[in-house]
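S.K.: Need coordinates for the below:
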Amino acid sequence: MFLSEVVDQTFKKLKSQTANLITLSNLSLGGFAIISILHNQLNLSLLLIFIAALTDRFDGMVARKMHIESELGKQLDSMSDIISFGIAPALLLYISVLNQYDFPGMFFTIFYIGCGAFRLARFNISENDGYFTGLPITVAGCLLTLCYLTIPFVSGVLILCMTITLAVLMISPFTLKKM
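M.R.: The predicted structure is shown next:
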């Protein structure tokens with residue numbers, strides 16, 4: 001009887017942390033993307049950011065389906081998102097193209113990250129009413145990451161402008177219905 005109780009308790013604890021484990025995989029993928037960028041493996045970092053986006057999509061879905069949503073999970077998700085969709089995409093574009101613009105390239109790289117952090121903080125203190133205020137950082141991060149693929153075809157100034165635009169859209173007051 002004792003062994004079955006231990007197994008049951010262990011299963012309940014694992015179940016309660018399922019969404020957080022998925023969220024931590026998002027963070028891990030973002031961290032790995034950053035390390036890949038530092039090792040000049042930019043194509044790998046692009047792939048890792050997109051895989052992180054998939055895990056980000058599933059963590060909340062799993063939490064809702066399993067009725068294990070928590071304030072801790074919400075905060076952990078935001079911290080993971082700033083790594084995977086704030087820092088990693090910004091660093092990818094900075095290393096690949098924005099560094100040629102010296103201070104403006106550095107400034108707008110950091111501006112993008114700051115706007116992403118602001119957007120996540122605003123989301124964490126707002127009511128969950130079925131709408132996002134501003135462009136979600138996951139969307140902005142994926143769009144910025146896609147810009148990496150356009151480098152051979154467009155001007156670096158256009159990528160700089162896209163970085164600024166996505167940053168401003170994240171902190172804008174417009175609302176989008178959650179899907």
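
S.K.: Name the surrounding residues that touch stretch 146-160.
M.R.: Residues from elsewhere that reach stretch 146-160 (Cβ atoms under 8 Å, 6 or more residues apart in numbering): 42, 46, 92-93, 96-98, 100-101, 104-105, 108, 162-163. From N, CA and C alone the C-beta is placed, and that goes for glycine too.

S.K.: Repeat that for stretch 172-179.
M.R.: Under Cβ under 8 Å, 6+ apart, the answer for stretch 172-179 is 130-136.

S.K.: can we see that at 10 Å?
M.R.: Under the criterion Cβ atoms under 10 Å, 6 or more residues apart in numbering, residues 57, 60, 115, 119, 122, 128-136, 139 lie in contact with stretch 172-179.

S.K.: quick one: which of the residues you listed has the most company?
M.R.: Sorting these by how many neighbours each has (other Cβ atoms under 10 Å) puts Arg119 first, at 26 neighbours.

S.K.: wait, what's in contact with it?
M.R.: 78, 81-82, 86, 132-137, 140, 167, 169-172.

S.K.: do Leu44 as well
M.R.: 32-33, 35-37.

S.K.: hmm, back to that, give me the subset of the contacts of stretch 172-179 that lies in strands.
M.R.: Among the contacts of stretch 172-179, DSSP state E puts 131-133 in strands.

S.K.: between those, which is nearest Asn20?
M.R.: Phe132 (21.8 Å; Cβ to Cβ).

S.K.: what sits against the closest one?
M.R.: 119, 123, 126, 139, 170, 174-179.

S.K.: again, only this time at 8 Å
M.R.: So Phe132 contacts 123, 175-178 (Cβ under 8 Å, 6+ apart).

S.K.: in stretch 164-176, what's buried?
M.R.: For stretch 164-176, a neighbour-count test (16 or more other Cβ atoms under 10 Å) marks 164, 166-167, 169-171 as buried.
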